[in-house]
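Novice: give me the fold of what follows.
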Amino acid sequence: MIEDFDLENVKSIEETDLKESLSMFSNLCIYLSLIFRYPDSNVYKSLRDYFDEFKFFLLDYELSSPDLPLQEDLEVEYVRLFVANYGGVIAPLYSSVYTSEEKLLLRDSTIKLRDIMHEEGFVLRDDVKDVEDNLYILFEFIGLLLSRALETDFRKISVAEKVLKEYVSSMVDDFSKRVTDGSKLEFYRVTAQFVAKFVRELEEFLWIVFDKNIV
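Specialist: So this is what the prediction gives:
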């Protein structure tokens, strides 16, 4: 983990360190976006190509390092956990299910999120049937914002912080517990535990960088 950014120790962040950290967080967000997509052949190939790097971060977070399951096994478990299961979906991927009183999709918060994404030029393709507050879309969007902050405009960090806090942080503990308790695959159980820790660390990092006016 990034001990250099401990709240009690940070006075300033060198530009090189800031860029390296933004790059790391952006790449991890994009990889997590892949993990929470349906693992078709293209997604699975990308998961496999970068899995060794991801395992490094699992170890860094003091978690076990499972093997990547076969694609067929991952597909079956993905559907069971996140899409359809006898007795109800175990761990819905949509933020509004965890944060709205109705526990339903497409709440006011989702419309607000869609507006934020549109303002940033992030629009879902016509063939994407998921809603904007699906966890994989949220991670992709945050990863893109951090990448843009790295390349052109550090002010994008404020948007990333807002989306992370209002849509991901608010669901991550409940979501992580559901997956940890309900998954038959160690891969998903460990990833869920990683996500809970990673989101808290990213939230702290963005707070330091933006709210303390380091950039």
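
Novice: on the three-state scheme, the spatially most central residue of the chain is what?
Specialist: In the chain, the centroid-proximal residue (Cα atoms, centre = their mean) is residue 139; its distance is 3.8 Å. The local conformation at residue 139, judged by DSSP: H, G, I helix; E, B strand; the rest coil, is helix.

Novice: so what's it up against?
Specialist: By Cβ atoms under 8 Å, 6 or more residues apart in numbering, the contact set of residue 139 is 29-30, 32-33, 36, 168. No exception for glycine: its C-beta is placed from N, CA and C like everyone else's.

Novice: so where is this structure shaky, pLDDT-wise?
Specialist: 1-16, 85-87, 100-107, 126-128, 152, 210-215 (pLDDT under 70).

Novice: do that again at 90, thanks
Specialist: Within the chain, the stretches with pLDDT under 90 are 1-22, 60-62, 64-65, 84-89, 96-114, 117-132, 148-158, 204-215.

Novice: now do the buried residues in stretch 125-134.
Specialist: 131-134 (16 or more other Cβ atoms under 10 Å).

Novice: so what touches that stretch?
Specialist: By Cβ under 8 Å, 6+ apart, the surrounding residues in contact with stretch 125-134 are 36, 93-96, 105-106, 109-110, 113-114, 117, 124, 136-138, 167.

Novice: what about it, how long is it end to end?
Specialist: End-to-end distance of stretch 125-134 (Cα to Cα, to the nearest Å): 14 Å.

Novice: from here on, count from 817
Specialist: All set: I'll call the first residue 817, so the last point we hit is now stretch 941-950.

Novice: now stretch 957-971: how far from the chain's centre is it?
Specialist: 15 Å (Cα atoms, centre = their mean, to the nearest Å).

Novice: which parts of it are buried?
Specialist: So, applying 16+ other Cβ under 10 Å, buried residues of stretch 957-971: 957-966, 970.

Novice: likewise stretch 996-1004?
Specialist: Using 16+ other Cβ under 10 Å as the test for burial, stretch 996-1004 gives 996, 998-999, 1001, 1003-1004.

Novice: same question, stretch 893-913
Specialist: For stretch 893-913, by 16+ other Cβ under 10 Å, it's 893-894, 896-898, 905-913.

Novice: returning to what we had before: in the contacts of residue 955, find the pair that's most separated.
Specialist: 846 and 984 (14.2 Å; Cβ to Cβ).

Novice: tell me which entries of the buried residues of stretch 957-971 lie within helices.
Specialist: 957-966 (DSSP state H).

Novice: now, among those residues, which is nearest to residue 882?
Specialist: residue 959 (22.8 Å).

Novice: surely that closest one touches residue 839?
Specialist: No: using Cβ atoms under 8 Å as the test, residue 959 is too far from residue 839 to be in contact (10.4 Å).

Novice: ok so, going back, need the buried residues of stretch 893-913 in JSON lines with secondary structure and distance to residue 1015, can you?
Specialist: Shown next, in JSON lines, are these (DSSP: H, G, I helix; E, B strand; the rest coil; distance: Cβ to Cβ, whole Å):
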{"residue": "893", "secondary structure": "helix", "distance to residue 1015": "22"}
{"residue": "894", "secondary structure": "helix", "distance to residue 1015": "20"}
{"residue": "896", "secondary structure": "helix", "distance to residue 1015": "24"}
{"residue": "897", "secondary structure": "helix", "distance to residue 1015": "18"}
{"residue": "898", "secondary structure": "helix", "distance to residue 1015": "18"}
{"residue": "905", "secondary structure": "coil", "distance to residue 1015": "21"}
{"residue": "906", "secondary structure": "coil", "distance to residue 1015": "20"}
{"residue": "907", "secondary structure": "coil", "distance to residue 1015": "15"}
{"residue": "908", "secondary structure": "coil", "distance to residue 1015": "17"}
{"residue": "909", "secondary structure": "coil", "distance to residue 1015": "14"}
{"residue": "910", "secondary structure": "strand", "distance to residue 1015": "16"}
{"residue": "911", "secondary structure": "helix", "distance to residue 1015": "12"}
{"residue": "912", "secondary structure": "helix", "distance to residue 1015": "17"}
{"residue": "913", "secondary structure": "helix", "distance to residue 1015": "17"}
